[in-house]
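Peer 1: coords please:
(2 chains)
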Amino acid sequence: MDEVTPMTSLTAVSESPPAASAWRDWLEEHGPKLLLFARQQTRSHEDAKDIFQDALVKLVEKVRTGEFVGGQQAWQPYLYTAIRRLAIDLSRSVDRRKRREDNVVADAADTEYEAHHPWFESESSDDETREQLEVRLKELPEKFSEVIIMKIWGERTFSEIGETLGISQNTAASRYRYGLEALKKSLSNARRRGDLSI
Amino acid sequence: MKRDPSNLEEELRQLQAAPLDEALLARLEASADGTWTELTREEIRFENLLRKTSPAKLPADFLASMESITAGIHFPVDEKVILFPNGNAAPKKQKNRPMWAAAAAVALIGAASALLLPTTETPKTVAQASNKITPPVAADMDSNFVPASFNRGLSEVHDEGVVWKSNNQPHRLVRVVYTDHVTYKDSSGKTMEVEQPRVKYMLVPDRTD
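Peer 2: As a prediction, this is how the structure comes out:
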(Lines give C-alpha, C1' and ligand atoms only; values in the text may rest on other atoms or scores of the structure.)
Protein backbone atom coordinates (compact mmCIF):
# COMPACT_ATOMS: atom_id res chain seq x y z
CA MET A 1 0.00 0.00 0.00
CA ASP A 2 2.82 2.35 0.76
CA GLU A 3 4.00 2.11 -2.82
CA VAL A 4 0.68 3.22 -4.27
CA THR A 5 0.72 6.74 -2.91
CA PRO A 6 3.89 7.96 -4.59
CA MET A 7 2.85 6.36 -7.87
CA THR A 8 -0.49 8.20 -7.74
CA SER A 9 1.11 11.55 -7.06
CA LEU A 10 3.62 10.95 -9.82
CA THR A 11 0.83 10.24 -12.29
CA ALA A 12 -0.98 13.40 -11.26
CA VAL A 13 2.10 15.50 -11.94
CA SER A 14 2.70 13.99 -15.34
CA GLU A 15 -0.90 14.54 -16.42
CA SER A 16 -0.88 18.28 -15.74
CA PRO A 17 -0.46 20.33 -18.92
CA PRO A 18 3.25 20.94 -19.46
CA ALA A 19 2.56 24.46 -20.74
CA ALA A 20 0.80 25.60 -17.56
CA SER A 21 4.00 26.72 -15.91
CA ALA A 22 4.99 28.65 -19.01
CA TRP A 23 1.75 30.62 -18.88
CA ARG A 24 2.23 31.20 -15.17
CA ASP A 25 5.78 32.40 -15.74
CA TRP A 26 4.54 34.78 -18.38
CA LEU A 27 1.74 36.06 -16.15
CA GLU A 28 4.05 36.51 -13.19
CA GLU A 29 6.44 38.53 -15.31
CA HIS A 30 4.03 40.70 -17.27
CA GLY A 31 0.84 40.52 -15.21
CA PRO A 32 1.78 43.17 -12.62
CA LYS A 33 2.38 45.92 -15.18
CA LEU A 34 -0.75 45.04 -17.12
CA LEU A 35 -2.82 45.03 -13.94
CA LEU A 36 -1.29 48.38 -12.97
CA PHE A 37 -2.42 49.80 -16.29
CA ALA A 38 -5.87 48.27 -15.80
CA ARG A 39 -6.08 49.86 -12.37
CA GLN A 40 -5.19 53.23 -13.80
CA GLN A 41 -7.91 52.80 -16.41
CA THR A 42 -10.64 51.78 -14.00
CA ARG A 43 -12.18 52.98 -10.78
CA SER A 44 -11.50 49.98 -8.63
CA HIS A 45 -9.21 47.04 -8.08
CA GLU A 46 -12.04 44.65 -8.86
CA ASP A 47 -12.89 46.34 -12.16
CA ALA A 48 -9.22 46.24 -13.08
CA LYS A 49 -9.04 42.52 -12.42
CA ASP A 50 -12.23 41.95 -14.43
CA ILE A 51 -11.02 43.73 -17.54
CA PHE A 52 -7.54 42.25 -17.32
CA GLN A 53 -9.09 38.82 -17.15
CA ASP A 54 -11.41 39.56 -20.08
CA ALA A 55 -8.48 40.82 -22.10
CA LEU A 56 -6.50 37.67 -21.37
CA VAL A 57 -9.46 35.49 -22.34
CA LYS A 58 -9.61 37.29 -25.69
CA LEU A 59 -5.91 36.78 -26.25
CA VAL A 60 -5.94 33.11 -25.23
CA GLU A 61 -8.90 32.42 -27.48
CA LYS A 62 -7.10 33.97 -30.42
CA VAL A 63 -3.95 32.02 -29.64
CA ARG A 64 -5.95 28.80 -29.30
CA THR A 65 -7.73 29.21 -32.64
CA GLY A 66 -4.58 30.38 -34.37
CA GLU A 67 -6.14 33.75 -35.23
CA PHE A 68 -3.55 35.76 -33.37
CA VAL A 69 -1.13 37.43 -35.73
CA GLY A 70 2.37 37.95 -34.39
CA GLY A 71 4.42 36.19 -31.79
CA GLN A 72 4.65 36.67 -28.07
CA GLN A 73 6.07 40.13 -28.53
CA ALA A 74 2.71 41.21 -29.88
CA TRP A 75 0.80 39.94 -26.84
CA GLN A 76 1.48 42.93 -24.64
CA PRO A 77 0.50 45.60 -27.18
CA TYR A 78 -2.65 43.57 -27.82
CA LEU A 79 -3.44 43.32 -24.11
CA TYR A 80 -2.84 47.04 -23.47
CA THR A 81 -5.21 47.90 -26.28
CA ALA A 82 -7.79 45.35 -25.15
CA ILE A 83 -7.62 46.55 -21.54
CA ARG A 84 -8.13 50.15 -22.60
CA ARG A 85 -11.09 49.32 -24.84
CA LEU A 86 -12.69 47.20 -22.15
CA ALA A 87 -12.15 49.97 -19.62
CA ILE A 88 -13.84 52.47 -21.93
CA ASP A 89 -16.75 50.07 -22.41
CA LEU A 90 -16.98 49.64 -18.67
CA SER A 91 -16.98 53.36 -17.99
CA ARG A 92 -19.78 53.78 -20.52
CA SER A 93 -21.87 51.43 -18.53
CA VAL A 94 -23.93 54.21 -16.96
CA ASP A 95 -26.01 52.00 -14.75
CA ARG A 96 -23.00 50.50 -13.09
CA ARG A 97 -21.37 53.86 -12.48
CA LYS A 98 -24.61 55.32 -11.16
CA ARG A 99 -25.01 52.45 -8.76
CA ARG A 100 -21.52 53.07 -7.51
CA GLU A 101 -22.00 56.82 -7.11
CA ASP A 102 -25.32 56.42 -5.35
CA ASN A 103 -24.02 53.93 -2.88
CA VAL A 104 -21.88 55.87 -0.41
CA VAL A 105 -21.46 52.89 1.86
CA ALA A 106 -20.13 50.85 -1.00
CA ASP A 107 -17.73 53.66 -1.93
CA ALA A 108 -16.36 53.75 1.60
CA ALA A 109 -15.90 50.01 1.51
CA ASP A 110 -14.19 50.32 -1.85
CA THR A 111 -11.78 52.92 -0.48
CA GLU A 112 -10.89 50.66 2.40
CA TYR A 113 -10.51 47.73 0.04
CA GLU A 114 -8.27 49.73 -2.30
CA ALA A 115 -6.02 50.65 0.62
CA HIS A 116 -5.26 46.97 1.03
CA HIS A 117 -4.36 46.59 -2.62
CA PRO A 118 -1.68 49.17 -3.32
CA TRP A 119 -0.61 49.81 -6.89
CA PHE A 120 3.07 49.46 -6.12
CA GLU A 121 5.58 47.53 -4.16
CA SER A 122 9.24 48.17 -3.82
CA GLU A 123 12.24 46.86 -2.01
CA SER A 124 14.03 50.17 -2.18
CA SER A 125 11.26 52.63 -1.36
CA ASP A 126 9.10 52.74 1.73
CA ASP A 127 5.31 52.59 2.09
CA GLU A 128 5.11 56.36 2.25
CA THR A 129 6.77 56.79 -1.14
CA ARG A 130 4.59 54.12 -2.72
CA GLU A 131 1.44 55.68 -1.33
CA GLN A 132 2.42 59.16 -2.45
CA LEU A 133 3.29 57.95 -5.91
CA GLU A 134 -0.06 56.23 -6.21
CA VAL A 135 -1.93 59.28 -4.91
CA ARG A 136 -0.09 61.69 -7.22
CA LEU A 137 -0.61 59.46 -10.24
CA LYS A 138 -4.32 59.30 -9.50
CA GLU A 139 -4.41 63.09 -9.28
CA LEU A 140 -2.87 63.52 -12.70
CA PRO A 141 -5.12 63.91 -15.72
CA GLU A 142 -5.82 60.43 -17.04
CA LYS A 143 -4.28 61.15 -20.41
CA PHE A 144 -0.98 61.85 -18.69
CA SER A 145 -0.98 59.05 -16.17
CA GLU A 146 -1.85 56.34 -18.71
CA VAL A 147 1.15 57.29 -20.84
CA ILE A 148 3.45 57.42 -17.82
CA ILE A 149 2.31 54.01 -16.60
CA MET A 150 2.71 52.42 -20.01
CA LYS A 151 6.12 54.01 -20.58
CA ILE A 152 7.76 53.54 -17.19
CA TRP A 153 6.28 50.35 -15.82
CA GLY A 154 4.96 48.82 -19.04
CA GLU A 155 8.25 49.55 -20.84
CA ARG A 156 6.36 50.49 -24.00
CA THR A 157 7.83 52.77 -26.65
CA PHE A 158 6.11 56.01 -27.65
CA SER A 159 5.22 54.35 -30.92
CA GLU A 160 3.52 51.42 -29.15
CA ILE A 161 1.76 53.76 -26.73
CA GLY A 162 0.56 55.82 -29.67
CA GLU A 163 -0.88 52.72 -31.32
CA THR A 164 -2.65 51.63 -28.15
CA LEU A 165 -4.16 55.06 -27.54
CA GLY A 166 -4.80 55.95 -31.16
CA ILE A 167 -2.49 58.97 -31.10
CA SER A 168 0.79 59.84 -32.76
CA GLN A 169 4.06 59.00 -31.04
CA ASN A 170 4.81 62.72 -30.78
CA THR A 171 1.54 63.30 -28.96
CA ALA A 172 2.36 60.38 -26.69
CA ALA A 173 5.77 61.95 -26.02
CA SER A 174 4.15 65.33 -25.28
CA ARG A 175 1.71 63.81 -22.82
CA TYR A 176 4.54 61.89 -21.21
CA ARG A 177 6.73 64.98 -20.79
CA TYR A 178 3.94 67.13 -19.40
CA GLY A 179 2.78 64.32 -17.16
CA LEU A 180 6.27 63.64 -15.91
CA GLU A 181 6.78 67.32 -15.18
CA ALA A 182 3.47 67.54 -13.35
CA LEU A 183 4.24 64.41 -11.35
CA LYS A 184 7.64 65.73 -10.41
CA LYS A 185 6.15 69.00 -9.24
CA SER A 186 3.44 67.21 -7.31
CA LEU A 187 5.94 64.94 -5.55
CA SER A 188 8.16 67.93 -4.79
CA ASN A 189 5.21 69.72 -3.18
CA ALA A 190 4.44 66.64 -1.12
CA ARG A 191 8.04 66.55 -0.01
CA ARG A 192 7.96 70.24 0.99
CA ARG A 193 4.75 69.70 2.92
CA GLY A 194 6.37 66.82 4.74
CA ASP A 195 4.09 64.18 3.21
CA LEU A 196 7.14 62.61 1.67
CA SER A 197 10.39 62.19 3.52
CA ILE A 198 12.67 61.55 0.52
CA MET B 1 -26.74 102.38 -36.48
CA LYS B 2 -25.23 100.07 -38.99
CA ARG B 3 -21.48 99.66 -39.13
CA ASP B 4 -19.82 99.60 -42.42
CA PRO B 5 -18.80 95.95 -42.94
CA SER B 6 -15.80 96.96 -44.99
CA ASN B 7 -14.42 98.94 -42.04
CA LEU B 8 -14.93 96.02 -39.69
CA GLU B 9 -13.14 93.77 -42.09
CA GLU B 10 -10.30 96.22 -42.25
CA GLU B 11 -10.08 96.40 -38.46
CA LEU B 12 -10.08 92.62 -38.16
CA ARG B 13 -7.41 92.35 -40.79
CA GLN B 14 -5.18 94.58 -38.73
CA LEU B 15 -5.34 92.12 -35.85
CA GLN B 16 -2.66 89.45 -35.94
CA ALA B 17 -2.59 85.90 -34.62
CA ALA B 18 -0.69 85.64 -31.36
CA PRO B 19 2.86 84.43 -31.96
CA LEU B 20 3.76 80.91 -30.90
CA ASP B 21 5.38 80.74 -27.52
CA GLU B 22 8.92 79.48 -27.28
CA ALA B 23 7.97 76.14 -25.75
CA LEU B 24 5.51 75.31 -28.51
CA LEU B 25 8.00 76.40 -31.14
CA ALA B 26 10.64 74.13 -29.65
CA ARG B 27 8.17 71.25 -29.51
CA LEU B 28 7.10 71.69 -33.11
CA GLU B 29 10.69 71.97 -34.23
CA ALA B 30 11.67 68.81 -32.34
CA SER B 31 8.66 66.93 -33.72
CA ALA B 32 9.57 68.00 -37.24
CA ASP B 33 13.13 66.78 -36.96
CA GLY B 34 12.11 63.60 -35.14
CA THR B 35 13.81 64.30 -31.81
CA TRP B 36 10.71 65.03 -29.72
CA THR B 37 10.54 61.43 -28.53
CA GLU B 38 14.11 61.56 -27.24
CA LEU B 39 14.21 62.22 -23.52
CA THR B 40 16.53 64.62 -21.77
CA ARG B 41 19.04 63.43 -19.20
CA GLU B 42 16.90 64.85 -16.39
CA GLU B 43 13.78 63.12 -17.68
CA ILE B 44 15.63 59.81 -17.85
CA ARG B 45 16.94 60.32 -14.31
CA PHE B 46 13.45 60.94 -12.95
CA GLU B 47 12.10 58.04 -15.00
CA ASN B 48 14.68 55.70 -13.46
CA LEU B 49 13.83 56.98 -10.01
CA LEU B 50 10.16 56.12 -10.54
CA ARG B 51 11.03 52.76 -12.02
CA LYS B 52 12.58 51.70 -8.72
CA THR B 53 9.05 51.34 -7.44
CA SER B 54 7.57 48.23 -9.05
CA PRO B 55 3.93 47.40 -9.75
CA ALA B 56 2.41 45.17 -7.08
CA LYS B 57 2.54 41.47 -7.81
CA LEU B 58 -0.65 39.73 -8.85
CA PRO B 59 -2.57 38.42 -5.85
CA ALA B 60 -2.16 34.66 -5.61
CA ASP B 61 -5.86 33.86 -6.04
CA PHE B 62 -6.10 36.16 -9.03
CA LEU B 63 -2.99 34.64 -10.60
CA ALA B 64 -4.49 31.19 -10.13
CA SER B 65 -7.75 32.23 -11.78
CA MET B 66 -5.85 33.81 -14.67
CA GLU B 67 -3.80 30.67 -15.06
CA SER B 68 -6.94 28.56 -15.17
CA ILE B 69 -8.01 30.52 -18.26
CA THR B 70 -4.95 29.21 -20.04
CA ALA B 71 -5.44 25.61 -18.93
CA GLY B 72 -5.03 23.23 -21.83
CA ILE B 73 -3.94 25.99 -24.18
CA HIS B 74 -0.57 25.35 -25.72
CA PHE B 75 1.93 28.06 -24.86
CA PRO B 76 3.42 29.01 -28.19
CA VAL B 77 7.15 29.38 -28.15
CA ASP B 78 8.85 32.00 -30.22
CA GLU B 79 12.21 31.21 -31.72
CA LYS B 80 13.76 33.80 -29.47
CA VAL B 81 12.21 32.39 -26.30
CA ILE B 82 13.77 29.48 -24.51
CA LEU B 83 11.42 28.06 -21.95
CA PHE B 84 13.68 25.98 -19.81
CA PRO B 85 17.19 27.22 -20.26
CA ASN B 86 20.01 25.21 -18.77
CA GLY B 87 21.86 27.67 -16.62
CA ASN B 88 25.16 25.85 -16.97
CA ALA B 89 25.06 25.45 -20.68
CA ALA B 90 27.05 27.93 -22.68
CA PRO B 91 25.46 29.12 -25.92
CA LYS B 92 26.57 26.94 -28.76
CA LYS B 93 28.16 28.51 -31.77
CA GLN B 94 26.53 27.72 -35.04
CA LYS B 95 28.77 25.74 -37.32
CA ASN B 96 27.88 26.08 -40.93
CA ARG B 97 30.76 24.05 -42.26
CA PRO B 98 29.82 20.41 -42.83
CA MET B 99 31.52 17.89 -40.63
CA TRP B 100 32.78 15.89 -43.55
CA ALA B 101 34.76 18.93 -44.66
CA ALA B 102 36.49 18.97 -41.28
CA ALA B 103 37.22 15.28 -41.62
CA ALA B 104 38.56 15.84 -45.12
CA ALA B 105 40.81 18.59 -43.81
CA VAL B 106 42.15 16.25 -41.13
CA ALA B 107 42.75 13.61 -43.77
CA LEU B 108 44.60 16.04 -46.00
CA ILE B 109 46.79 17.13 -43.12
CA GLY B 110 47.52 13.46 -42.53
CA ALA B 111 48.43 12.93 -46.14
CA ALA B 112 50.66 15.99 -46.17
CA SER B 113 52.34 14.82 -42.98
CA ALA B 114 53.00 11.47 -44.55
CA LEU B 115 54.87 13.12 -47.39
CA LEU B 116 57.23 14.79 -44.96
CA LEU B 117 58.01 11.63 -43.07
CA PRO B 118 60.98 9.42 -43.98
CA THR B 119 59.86 6.79 -46.41
CA THR B 120 61.22 3.95 -44.35
CA GLU B 121 59.08 4.78 -41.37
CA THR B 122 55.48 3.99 -40.91
CA PRO B 123 53.36 7.17 -41.13
CA LYS B 124 51.66 7.98 -37.84
CA THR B 125 47.94 8.16 -37.58
CA VAL B 126 46.26 11.52 -37.23
CA ALA B 127 42.99 10.52 -35.78
CA GLN B 128 42.19 8.44 -32.79
CA ALA B 129 39.68 6.33 -34.65
CA SER B 130 41.87 5.70 -37.66
CA ASN B 131 43.50 2.40 -38.50
CA LYS B 132 47.20 1.88 -38.24
CA ILE B 133 48.95 2.49 -41.50
CA THR B 134 51.40 -0.05 -42.72
CA PRO B 135 53.72 0.39 -45.69
CA PRO B 136 51.87 -0.68 -48.81
CA VAL B 137 54.36 -3.30 -49.72
CA ALA B 138 53.29 -6.65 -50.99
CA ALA B 139 54.66 -9.59 -49.08
CA ASP B 140 55.87 -11.37 -52.19
CA MET B 141 57.72 -8.36 -53.58
CA ASP B 142 61.30 -8.82 -54.61
CA SER B 143 63.52 -7.79 -51.75
CA ASN B 144 65.75 -5.73 -54.08
CA PHE B 145 63.07 -3.13 -54.42
CA VAL B 146 63.00 -0.45 -51.82
CA PRO B 147 60.49 2.38 -51.45
CA ALA B 148 61.69 5.47 -53.25
CA SER B 149 58.72 7.77 -52.80
CA PHE B 150 55.40 7.79 -51.11
CA ASN B 151 52.30 9.76 -51.96
CA ARG B 152 48.87 9.68 -50.44
CA GLY B 153 45.82 11.15 -52.17
CA LEU B 154 42.34 11.71 -50.81
CA SER B 155 39.86 9.90 -53.01
CA GLU B 156 36.47 10.01 -51.32
CA VAL B 157 34.76 11.26 -48.17
CA HIS B 158 31.41 9.85 -47.09
CA ASP B 159 29.15 10.92 -44.26
CA GLU B 160 27.96 7.68 -42.73
CA GLY B 161 25.54 9.25 -40.21
CA VAL B 162 25.49 10.01 -36.53
CA VAL B 163 26.58 7.63 -33.82
CA TRP B 164 26.21 8.17 -30.07
CA LYS B 165 29.12 7.45 -27.85
CA SER B 166 28.77 6.21 -24.31
CA ASN B 167 29.05 9.77 -22.92
CA ASN B 168 25.87 10.72 -24.82
CA GLN B 169 27.86 12.91 -27.16
CA PRO B 170 26.80 12.59 -30.80
CA HIS B 171 29.54 12.00 -33.33
CA ARG B 172 29.39 11.92 -37.05
CA LEU B 173 30.94 8.86 -38.61
CA VAL B 174 32.99 9.85 -41.61
CA ARG B 175 34.42 7.35 -44.07
CA VAL B 176 37.58 8.60 -45.76
CA VAL B 177 39.13 6.75 -48.68
CA TYR B 178 42.78 7.40 -49.54
CA THR B 179 44.95 6.06 -52.27
CA ASP B 180 48.56 5.42 -51.32
CA HIS B 181 50.94 5.63 -54.20
CA VAL B 182 54.37 4.14 -53.60
CA THR B 183 57.25 4.01 -56.01
CA TYR B 184 59.85 1.30 -55.51
CA LYS B 185 63.34 1.15 -56.97
CA ASP B 186 65.89 -1.55 -57.13
CA SER B 187 69.66 -1.32 -57.35
CA SER B 188 69.60 -1.32 -61.18
CA GLY B 189 67.28 1.72 -61.22
CA LYS B 190 64.24 -0.24 -62.16
CA THR B 191 61.06 1.27 -60.75
CA MET B 192 57.77 -0.21 -59.77
CA GLU B 193 54.69 1.69 -58.76
CA VAL B 194 52.10 0.36 -56.42
CA GLU B 195 48.72 1.91 -55.69
CA GLN B 196 46.75 0.81 -52.69
CA PRO B 197 43.42 2.18 -51.50
CA ARG B 198 42.91 2.66 -47.77
CA VAL B 199 39.76 3.32 -45.83
CA LYS B 200 39.59 5.17 -42.55
CA TYR B 201 36.65 5.77 -40.31
CA MET B 202 36.70 8.94 -38.24
CA LEU B 203 34.42 10.09 -35.44
CA VAL B 204 33.92 13.85 -35.48
CA PRO B 205 31.98 15.51 -32.61
CA ASP B 206 28.66 16.77 -33.93
CA ARG B 207 26.22 19.49 -32.91
CA THR B 208 23.38 18.54 -30.67
CA ASP B 209 20.94 21.26 -31.78
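
Peer 1: Secondary structure element holding the nearest residue to A:Thr171 once chain neighbours are set aside?
Peer 2: Residue nearest to A:Thr171 in three dimensions, not counting chain neighbours: A:Gly162, with 6.8 Å by C-beta to C-beta, 6 or more residues apart in numbering or on different chains. (C-beta placed from N, C-alpha, C; glycine too.) Using DSSP states H and E, A:Gly162 sits in helix A:158-165.

Peer 1: same question, B:Trp36
Peer 2: Judged by DSSP H and E, B:Trp36 forms part of no helix or strand.

Peer 1: I'd guessed it sits against A:Ala172; true?
Peer 2: No - applying C-beta atoms under 8 Å, one finds B:Trp36 not in contact with A:Ala172, separated by 9.9 Å.

Peer 1: Of the two, which one has the most company?
Peer 2: Neighbours were counted for B:Trp36 and for A:Ala172 using other C-beta atoms under 10 Å in any protein chain shown; A:Ala172 has more, 27 against 22.

Peer 1: Which strands and helices lie in contact with the strand or helix carrying the more buried one?
Peer 2: Assigned by DSSP H and E, A:Ala172 belongs to helix A:169-193. Contacts defined by 3 or more C-beta pairs under 8 Å, 6 or more residues apart in numbering or on different chains; DSSP states H and E place helix A:169-193 against helix A:127-139, helix A:142-148, helix A:158-165, helix B:41-51.

Peer 1: Nearest to A:Asp54, out of these?
Peer 2: Closest of the helices and strands packed on helix A:169-193 to A:Asp54 is helix A:158-165, at 16.4 Å (criterion: C-beta to C-beta).

Peer 1: in that closest one, what's buried?
Peer 2: The neighbour-count check on helix A:158-165 (16 or more other C-beta atoms under 10 Å in any protein chain shown) flags A:Phe158, A:Glu160, A:Ile161, A:Gly162, A:Glu163, A:Thr164, A:Leu165 as buried.

Peer 1: following the helix or strand of chain B at the bottom of the mean pLDDT ranking, which helix or strand comes up?
Peer 2: Among the helices and strands of chain B, helix B:99-116 carries the lowest confidence by mean pLDDT, DSSP states H and E, at a mean of 62. Under the assignment DSSP H and E, the closest C-terminal helix or strand after helix B:99-116 is strand B:146-164.

Peer 1: Neighbouring strands - and their directions - for that next one?
Peer 2: If you go by DSSP bridges, strand B:146-164 pairs up with strand B:170-185 (antiparallel).

Peer 1: what packs against the helix or strand following the strand it pairs with?
Peer 2: With elements assigned by DSSP H and E, the helix or strand that comes after strand B:170-185 is strand B:191-205. Packed against strand B:191-205 by the contact rule (3+ C-beta pairs under 8 Å, 6+ apart) you find helix B:99-116, strand B:146-164, strand B:170-185.

Peer 1: can you do 6 Å?
Peer 2: For strand B:191-205, the packing partners by 3 or more C-beta pairs under 6 Å, 6 or more residues apart in numbering or on different chains; DSSP states H and E come out as helix B:99-116, strand B:170-185.

Peer 1: what residues does chain A put near chain B?
Peer 2: With the criterion set to C-beta under 6 Å from any C-beta of the partner chain, chain A comes near chain B through A:17, A:19, A:22-24, A:27, A:31-33, A:36, A:49, A:56-57, A:60, A:64, A:71-72, A:118, A:120-122, A:124-125, A:130, A:133, A:152-153, A:158, A:169-170, A:173, A:184.

Peer 1: Give me the buried subset of these.
Peer 2: The neighbour count (16+ other C-beta under 10 Å) marks A:19, A:22-24, A:27, A:31-33, A:36, A:49, A:56, A:60, A:72, A:118, A:120, A:122, A:125, A:130, A:133, A:152-153, A:158, A:169-170, A:173, A:184 as buried among the residues of chain A next to chain B.

Peer 1: which other residues reach the host helix or strand of A:Asp25?
Peer 2: If you go by DSSP H and E, A:Asp25 is part of helix A:20-41. Helix A:20-41 is touched from outside by A:48, A:51-52, A:79, A:83, A:87, A:119, A:145-146, A:149, A:153-154, B:55, B:57-58, B:66-67, B:70, B:75, B:83, with contacts defined as C-beta atoms under 6 Å, 6 or more residues apart in numbering or on different chains.
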